[in-house]
Structures are given as C-alpha cells and as structure tokens.
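**Q** Next come a sequence and a model predicted from it.
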Amino acid sequence: MKKKVALITGISGQDGSYLAELLLKKNYVVHGVIRKSSSFNTGRIDHIYVDPHNKTNFYLHYGDLTDSNSVYNIINNIKPDEIYNLGAQSHVGVSFDNPEYTAEVSGIGTLRILEAIRFLKIKKIKFYQASTSELFGETYNKNIFNENSKFHPKSPYGVAKLYSFWITSVYRESYGIFASNGILFNHESPRRGETFVTRKITRFLTRKILGSKDILYLGNLNAKRDWGHAADYVEMQWRILQQKKPEDFVVATGNAYSVKQFIETCAKVLKIKIIWQGKGINERAYFINNNKKELLIKVDKRYFRPNEVHYLKGDARKAFKKLRFKPKFNFKDLVEDMIKHDLELARSEL
C-alpha cells in the first residue's frame, strides 16, 4: 500500500514537531519546510531527523512562506496528499512590534500555498490551515466561542490569521479545494517557545527551586485562557483532514484558567508555597522558604499589550462529536508535563 505524503510548514515549531511524530507513527512520508538561518533552529525535530527508522520517511526542505516561488516549487516537487500550514509569526505580543512581517507570513503566506494548489491542479491535496482563538478577540459577558461566533481580533496576529481563515474558506468554496480551518485555542507543552508566558513560568519556577535568585516580570495576571496540550491538538489537526468533506472546527477544552492560576498550579506541583500581595500593577508573588519571604514575581506594565484580550474559552462540541475528540491531558496534567521537563532541563544546566 502506497504511503501517504504530508507536507508541514512550521515543522520546527511546537505543533510541527508533535505532528511529524504522529504522522510518522501512522506510516506517512513526512516533508517539512524550514527557513534558512545562520544558526540551527531544528532543536524540536533533531531527534526525528537522526532516527535511522525515519531515513526514508522524513525530509526537510528550505523554504519561506514569504516567497511564492519556494512555496510553489516545494509543493510541485513533493505533490503531497496533505498539507498542514503551521508556519506563522505566532507570538501575539511580537505582532504589535512587527505587524507587516506578521501579515506577510501568517496571512499572505496562506494565500501563497492555496494559489500553488490551485495552479498545480493537484486534486488529491487536502489542506489544513492552523487558525487561532485570537480570531474572536475580546468578550465582555464570558461567552464561550464556537464555529458560529463573531470574529473580532485584537492584534495584528489575530487580523493576519483572520485573513488566512477567510481565504481558506474562499478557496474551498470557489475552487473546490479540500481546505479546512482548525480554530485551536491555546495549547502548550514542554516544547513551547520560552517567550510564551506558560513556558516563561515553568522555566522560571523550576530554576527558582534549584537556587536561582532571579525575579520574573509578567503582564496581565488575570488574563484567562483555554489551555490544552499540543500533543492532543495535533491529533485533531490530522483528524480534520480525515473527514469526508472539508469543514472548520473549534478545538478547545472548554475550561479557562488565569495566568495566576497557572502559576499556582505550578507551585502545587513543585510543592512550594507562594503568597500574593498588592493589586493591579502593584501585585507581587512571594516565595515562602524556611519561614522567609522572597520576592518571586512582579507585574511590569511593559508586558501589557496595546490591546489586551482578557478571556478566551472554546466550545468544542462539534470536534468532540465529529472528530471524537477526547483530550488525554487535563490542565493539571499539562502543567505537570511542562514542570517535569523543565525541572530536568534546569538540573542539566547546573
């Protein structure tokens, strides 16, 4: 039986690495797109690349979503059965500093892939677009969001992803391309980039209990997010492309936790005691060790975004039913997985 061929943009990222592992286990031939860089940026997939069992099933190609020719040539040469577009400038905060680049990669990059599929007329290709809960933006009555909820993005990243969502829908309806959006709410893992708040917290706290004297500076401690595990969510990406017809799906847990609750859960896992004092910009967390109080976390207005989204929670009933979505990780499991990994990492750095 001929193996399916998958192409993953953003393969060196959190989701890309987990998805590559999943597809290889399902006996796919996996091709990944990475950007040419002066330094190696493949840390999350090096273990896949050097595994001798993957020698004929795993390939990397230099390309860039800002370059139409590279996108076209890679797709033309590989002629994949499935394309997973996970490539993006995916940091919301950075998108305010680099809005044009964010639009080029996270927005127009999607169009470049869809145009290549259209021009090449490869009917077999199924296309998955990685969308985001940032499409929904702010809500003031704490609704949960589903596939029919109104979009109101609050960042350049969210706007770029909104373009990607709608252009995927347009190409599906206009050209008959099998193109689906996965509106994934926040998902974390030990492979999350260290500039993201959850990984900042787990890296900081695991170093702290090993003797670090650093202080962690954070922005909005009360922002609430629907946090799942990336390993669960990439399976849903695959399941979305196994459907008989292309559709859009919200993937979420249906539970929202604040940044402060994330910190407190980390503290429980590490069996450390912290206390909070102050409010708003003056709020601080202290580490209680041998009856001594040590400053742990401070709020810093530099980390507040120009347009803050305070609450995001997803309604994934469609995914639960049609994709048979049953997350293996709950919130505590996710925190424990990240803490375990980062504690080992912190010890290796001593």
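**A** Perfect, thanks for sending it.
**Q** Who are the contact partners of the closest residue in space to Leu241 that isn't next to it in sequence?
**A** When the adjacent residues along the chain are set aside, Leu241 lies closest to Lys126, with 4.6 Å between them (CB to CB, 6 or more residues apart in numbering). In short, each C-beta sits where N, CA and C put it, glycine included. Shown in contact with Lys126 (CB atoms under 8 Å, 6 or more residues apart in numbering): 81-83, 178-180, 241, 246.
**Q** So what does Lys126 have for phi and psi?
**A** phi -110, psi 130 (degrees, to the nearest 10).
**Q** Could you give the bridge partners of it?
**A** Note on Lys126: beta-bridge partners by DSSP bridges are Glu82, Phe178.
**Q** Okay, now the unreliable bits of this protein?
**A** The model of the chain has pLDDT under 70 over residues 38-40, 139-142.
**Q** Pull out the buried residues from the longest helix along it.
**A** Longest helix of the chain, by residue count under DSSP state H: helix 156-175. Neighbour-count burial for helix 156-175 flags 156-165, 167-169, 171-172 (criterion: 16 or more other CB atoms under 10 Å).
**Q** Now compare these and name the two farthest from each other.
**A** Pro156 and Arg172 (24.9 Å; CB to CB).
**Q** returning to what we had before: go through the contacts of Lys126 and say which is closest to Gln277.
**A** For those, the nearest to Gln277 is Ser180 (47.6 Å; CB to CB).
**Q** Now do the SS call for the closest one.
**A** strand (DSSP: H, G, I helix; E, B strand; the rest coil).
**Q** could the contacts of Lys126 go into JSON lines alongside neighbour count and distance to His187?
**A** Putting the contacts of Lys126 into JSON lines (neighbours: other CB atoms under 10 Å; distance: CB to CB, whole Å) gives the following:
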{"residue": "Asp81", "neighbour count": "18", "distance to His187": "25"}
{"residue": "Glu82", "neighbour count": "22", "distance to His187": "20"}
{"residue": "Ile83", "neighbour count": "29", "distance to His187": "20"}
{"residue": "Phe178", "neighbour count": "19", "distance to His187": "24"}
{"residue": "Ala179", "neighbour count": "27", "distance to His187": "22"}
{"residue": "Ser180", "neighbour count": "22", "distance to His187": "18"}
{"residue": "Leu241", "neighbour count": "20", "distance to His187": "18"}
{"residue": "Pro246", "neighbour count": "20", "distance to His187": "22"}
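**Q** In TSV, list the residues you listed along with distance to Tyr72.
**A** Converted to TSV, the contacts of Lys126 look like this (distance: CB to CB, whole Å):
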residue	distance to Tyr72
Asp81	18
Glu82	18
Ile83	13
Phe178	19
Ala179	17
Ser180	21
Leu241	21
Pro246	22
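**Q** and which of those residues is nearest to Lys321?
**A** Among these, and counting by CB to CB, the member closest to Lys321 is Ser180, at 16.0 Å.
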